[in-house]
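Chemist: Starting from these lines, generate the structure:
(one chain, ligands or ions: 1)
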Amino acid sequence: MAQLWGGRFTKQTDQLVFDFNASITFDKRLFHEDVTGSIVHATMLAKQGILTEEERKSIVEGLTGILEDVDDGTLAIDESQEDIHSFVEATLIDRIGDAGKKLHTGRSRNDQVALDMRLYTRARVAEIDGLLKKLLEAILDTMKNNLDTYMPGFTHLQKAQPITLAHHYGAYFEMFKRDRQRLTDIYKRMNYCPLGAGALAGTTYPLDREYTARLLRFEGPTLNSIDSVADRDYLIEFLSALSTIMMHLSRFSEEIIIWNSNEYQFVELDDAYSTGSSIMPQKKNPDIAELVRGKTGRVYGALMALLTTMKGLPLAYNKDMQEDKEMAFDAMDTAADCITLFTGMIQTMKFRKDRMAKSAMNGFTNATDAADYLVGKGVPFRDAHGIIGRLVLYCIEKDTSIDALSLEELRSISDKFDEDIYEAISLKTCVEKRLIIGAPGEKMMKQVIEKNKEYLKND
Ligand code: ARG
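Modeler: Below you'll find the predicted structure:
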């Protein structure tokens, strides 16, 4: 049990209390950020004449040594310390003596932890953004190669109108593109440095906060010292963005699970991304997709937990805020793993284009186009809708499809039908005539793909 703050206490902390209060088992993850922040703080203290050049040198060398030793395994993070800040400071004092005791001048663990967590989160925002970019590249590849891979589009999970795989994947491209834009916004907003806020009210030492912010590659220092130590919005925003990413991955996973089912058989998952059953020899299960879908709840949980933790806290720092870490770390790890695994899964997944096209051809996916055909022959749309509705009913009774009917049968329902109806409601026409912005026709899709390529090149 080791503490930085024993002075005003007459009794040892109860061991259970110490353990309950301690955070080192999880905030040791902030070790690099803590050392980096401390090096910058000491550098600034010396620039401002608060430390001598000698003291600065000794502190910076000491901290660098600790960093190297932990990284190469010669020094273990001592988990009997209360938190990572205590570990670094105690080890420094142990190694360099009195100069080490000056490191914490003009600083509190409140602004220290705010800085560490922000540095850590900022890096993970960039990492997740990079992973999403790879996912987008994989999606775009599939789009390029499947401009004429026909499949049914669904509403209410009922066949609606024919589309292409490129078009369907294009929907996910937009979602993950927005997810990246959200990360960019969040990054900008969080990119201000809380170091120098002290416990809550700044300090009387002439700290140069612009300088430390610059050294740590922040846009600038935060402008209110109370807010600097009390704010966890940036983390809530990130968890919210991660939740949205997971929601998108989960919907995509759900579709892959459906497409992979025996009834659909639109896709075949690679053996490397599927698992078997211990009892049923025939099974090949989409466990990765199911796990991504399942882990979505866990990321939402982290968001809900932090929102709930923060909602009743008076300004400024409260120990409750230590609870911002474990679940947030878990959510970041989970989302990163899910994006990576999901990307690998879709890159290796094969499409059964024959089955997809066949499926697009039945289920009356051309009924809208049949109605539009009648509109072209002068029938008002509402009447055309009614006529085709009766036609569908007729087909259901005869267990057939609109395009399999003879011209006489069609004419018995409306005399507006001509020989050109068959061409007008063919699968190809239904897709390729949809050429307006955002629609699945090949010409339009090619334009969208060009835009997506540009976007990936520049962002
Ligand atoms: N372990 C603490 C946390 O994660 C560090 C800040 C401690 N500050 C304090 N006043 N007890 O929030």
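Chemist: any idea where the helices of the stretch 101-250 of the chain begin and end?
Modeler: Counting by DSSP state H, counting those that start in this stretch, the stretch 101-250 of the chain has these helices, from start to end: 109-144, 165-190, 209-215, 225-230, 233-259.
Chemist: Let's have these in TSV, adding mean pLDDT, mean neighbour count and distance to the ligand.
Modeler: C-beta: built from backbone N, CA, C; applies to glycine. As requested, the helices of the stretch 101-250 of the chain are exported to TSV (pLDDT from 0 to 100; neighbours: other Cβ atoms under 10 Å; distance: least, Cβ to the nearest ligand atom, whole Å):
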stretch	mean pLDDT	mean neighbour count	distance to the ligand
helix 109-144	98	21	4
helix 165-190	98	18	17
helix 209-215	98	18	18
helix 225-230	98	22	9
helix 233-259	98	21	12
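Chemist: Let's have these in CSV, adding distance to Asp372.
Modeler: Shown next, in CSV, are the helices of the stretch 101-250 of the chain (distance: least, Cβ to Cβ, whole Å):
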stretch, distance to Asp372
helix 109-144, 26
helix 165-190, 18
helix 209-215, 60
helix 225-230, 58
helix 233-259, 27
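Chemist: right, and those - which one's nearest Leu269?
Modeler: If you check each of those against Leu269 by Cβ to Cβ, helix 233-259 wins as the nearest, at 7.6 Å.
Chemist: what separates that closest one from the chain centre, distance-wise?
Modeler: 6 Å (Cα atoms, centre = their mean, to the nearest Å).
Chemist: Use 146 as the first number from now on
Modeler: Will do, 146 is the new start, and the previous item becomes helix 378-404.
Chemist: Mind giving me the packing neighbours of it?
Modeler: helix 254-289, helix 310-335, helix 432-455, helix 471-493 (3 or more Cβ pairs under 8 Å, 6 or more residues apart in numbering; DSSP states H and E).
Chemist: Spatially nearest residue to Leu175 (excluding sequence neighbours)?
Modeler: Leaving aside its sequence neighbours, Leu175 sits nearest to Asp261 (Cβ to Cβ, 6 or more residues apart in numbering; 4.2 Å).
Chemist: Contacts for whichever helix or strand Glu178 is part of, please.
Modeler: According to DSSP states H and E, Glu178 maps onto helix 176-192. With Cβ atoms under 8 Å, 6 or more residues apart in numbering as the test, helix 176-192 has contacts from 196-198, 200-201, 204-205, 208-209, 211-212, 215, 222, 229-230, 232-234, 237, 247-248, 250-252, 257, 260-262, 264-265, 340, 350, 352-353, 356-357, 360-361.
Chemist: What residues sit buried inside that helix?
Modeler: Using 16 or more other Cβ atoms under 10 Å as the test for burial, helix 176-192 gives 176-191.
Chemist: check whether it contacts the ligand.
Modeler: No: using Cβ under 6 Å from any ligand atom, helix 176-192 stays clear of the ligand, coming no nearer than 10.3 Å.
Chemist: Any chance you could give me the helix or strand following that helix in PDB, C-alpha atoms only?
Modeler: Following helix 176-192 in sequence order, the next helix or strand is helix 198-216 (DSSP H and E). C-alpha atoms of helix 198-216 as PDB (Å, rounded to 0.1, in the frame of the first residue of the first chain):
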ATOM      1  CA  GLU A 198      17.700  23.200 -15.800                       C
ATOM      2  CA  GLU A 199      19.500  20.600 -13.800                       C
ATOM      3  CA  GLU A 200      16.200  19.500 -12.100                       C
ATOM      4  CA  ARG A 201      14.500  19.300 -15.500                       C
ATOM      5  CA  LYS A 202      17.300  17.200 -17.000                       C
ATOM      6  CA  SER A 203      17.200  14.800 -14.100                       C
ATOM      7  CA  ILE A 204      13.400  14.500 -14.200                       C
ATOM      8  CA  VAL A 205      13.200  14.000 -17.900                       C
ATOM      9  CA  GLU A 206      16.000  11.500 -17.900                       C
ATOM     10  CA  GLY A 207      14.400   9.700 -15.000                       C
ATOM     11  CA  LEU A 208      11.000   9.600 -16.700                       C
ATOM     12  CA  THR A 209      12.500   8.400 -20.000                       C
ATOM     13  CA  GLY A 210      14.300   5.700 -18.100                       C
ATOM     14  CA  ILE A 211      11.100   4.500 -16.500                       C
ATOM     15  CA  LEU A 212       9.400   4.500 -19.800                       C
ATOM     16  CA  GLU A 213      12.100   2.400 -21.400                       C
ATOM     17  CA  ASP A 214      12.400   0.000 -18.500                       C
ATOM     18  CA  VAL A 215       8.600  -0.700 -18.400                       C
ATOM     19  CA  ASP A 216       8.500  -1.100 -22.200                       C
END
